[in-house]
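Colleague: pasting a predicted model and its sequence here:
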Amino acid sequence: MTDKTVQHALHGGQFLTFVSGDELFAVDIMQVNEIIEISALTRVPKTPDFIRGVINLRGGVVPVIDLTAKLGNGLSDLTKRSCVVLVSIERNDVQQILGLLVDEVREIIDITDDHVKPPPSFGDQADTRFIQAMAQVDQLFIILLDVSRILEQHEIEQAGAIAEQLSDSVPQAAHSNH
């Protein structure tokens, strides 16, 4: 399956573009479930800063990853344009929904095969596993993200465990609010 993912990565298609930090990113539209406004984020104690919290999505608990923080550029400032992009990732044959906190969603664009280039090599010092490819559209460089590689395996498991624990207690938590 890995070869299939890599092979798919270097092909164009439709991508959702968004800004996180000062960078323009895109994800394959087929991985995007929906885009939602930031609702009440519940911070979970003793989790890494980049796990900004969890949200209740139709009765399910979804971990929200601050993409800017995860990529090492500090916590995102929440503004009116901030939103959560819900993406599906598959790890070990299990489908999981993650929320990516981004600064601003831009648009869905078509990227042709000839605009897609392999990610640049930065040597051993840079962690670029999450970059599927680069695309140049007009004068813009867009980083095409591999959403299944934004988090390490243990981080995905941690986010999943948090969501599972909180899902079990959602009915009790709902009664403790106002």
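Modeller: Received, thanks.

Colleague: where are the low-confidence patches of this structure?
Modeller: For the chain, residues meeting the criterion pLDDT under 70 lie at 1-10, 91, 122-128, 153-154, 156, 160, 167-178.

Colleague: helices of this structure, start to end?
Modeller: Counting by DSSP state H, residue ranges of the helices within the chain are 2-9, 67-70, 153-176.

Colleague: can you tell me the closest non-neighbouring residue to the most centrally placed residue in the chain?
Modeller: The structure's the chain has its C-alpha centroid closest to Leu100; by C-alpha atoms, centre = their mean the separation is 3.8 Å. In space, Leu100 comes closest to Val85 once its chain neighbours are excluded; the distance is 4.6 Å by C-beta to C-beta, 6 or more residues apart in numbering. To be clear about C-beta, it is placed using only N, CA and C from the backbone, and glycine gets the same treatment.

Colleague: hang on, isn't that neighbour packed against Gly99?
Modeller: Yes: in this structure, Val85 is within contact of Gly99 by C-beta atoms under 8 Å, at 7.1 Å.

Colleague: neighbour count: these two, which is higher?
Modeller: Looking at Val85 and Gly99 with other C-beta atoms under 10 Å, you find the greater number of neighbours at Gly99, namely 28 against 25.

Colleague: and the gap between that one and Ile89?
Modeller: Using C-beta to C-beta, to the nearest Å, Gly99 is found at 11 Å from Ile89.
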